[in-house]
Each structure stands twice: as structure tokens, then as C-alpha cells.
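Student: this one's sequence-less:
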């Protein structure tokens, strides 16, 4: 997490571009970072964030794992599950 002006601008721009927010002010971006930082201090949430990060790393670094996931998802779509 960072509080730099360029990251705040990027956060606001992306949030509006993705339709997450209709408009965004600088204070809202700072508030989002502070809420995320405070939330990450809760032990259960910190553990969940670390687990999510590990899963993300596995899927971004391993082409084999991505291929297996893609095949599994394609199988679900075919079987209707």
C-alpha cells in the first residue's frame, strides 16, 4: 500500500474507468487505502490475503497450472456445472 500522489491518481482513474465508481475524489482513494491497511491488521484477514497472494503467484508463474485451470473451467462449461 502506498500513499503516493501518482498511485492515488491511478486508483481513481481505474475505479472510474471500470465503472466501480461514477466519480472519485482524492480523499476517497486515501480512505480506501487506510481501510485496507487497517483491515489487513486483523489476523484472519491477513492470513486470507497471504493465501490469496500465494494462489495468485502460482497462477501467474506456472503455465502448467494455468493450463490445468483453463481445462477444468472448459470442462465445467461443457458439462453445465
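Tutor: Received, thanks. Being a predicted model, the structure only gives us computed values, none of them experimental. Numbers count the residues shown, from 1 in each chain.
Student: Measure how buried residue 8 is and give me the count.
Tutor: The tally of other residues near residue 8 (other CB atoms under 10 Å) stands at 19. Yep, even glycine has a C-beta here, placed from its N, CA and C like the rest.
Student: in what helix or strand does it lie?
Tutor: Assigned by DSSP states H and E, residue 8 belongs to helix 5-17.
Student: what's the next secondary structure element after that helix?
Tutor: By DSSP H and E, the next helix or strand past helix 5-17 is helix 26-39.
Student: angle of the next helix or strand after that next one against helix 26-39?
Tutor: The helix or strand immediately downstream of helix 26-39 is helix 43-61, counting by DSSP H and E. Using axes from the mean of the first three to the mean of the last three CA atoms, to 10 degrees, the direction of helix 43-61 lies 100 degrees away from that of helix 26-39.
Student: pLDDT averaged over helix 43-61, what's the number?
Tutor: Helix 43-61 carries an average pLDDT of 92.
Student: got the contact list for it?
Tutor: 39-40, 65-66, 69 (CB atoms under 8 Å, 6 or more residues apart in numbering).
Student: Mind doing that once more with 10 Å?
Tutor: 36, 38-40, 42, 65-66, 68-69 (CB atoms under 10 Å, 6 or more residues apart in numbering).
Student: For the worst-scoring helix or strand of the chain on mean pLDDT, name the packing helices and strands.
Tutor: Between all helices and strands in the chain, the lowest mean by mean pLDDT, DSSP states H and E belongs to helix 26-39, at a mean of 78. Judged by 3 or more CB pairs under 10 Å, 6 or more residues apart in numbering; DSSP states H and E, the packing partners of helix 26-39 are helix 5-17, helix 43-61.
Student: just how off-centre is the first one within its chain?
Tutor: It stands for helix 5-17. Here helix 5-17 is found 14 Å from its chain centre; the criterion is CA atoms, centre = their mean, to the nearest Å.
Student: coming back round to it: identify whichever of the helices and strands packed on helix 26-39 lies nearest to residue 32.
Tutor: helix 5-17 (7.0 Å; CB to CB).
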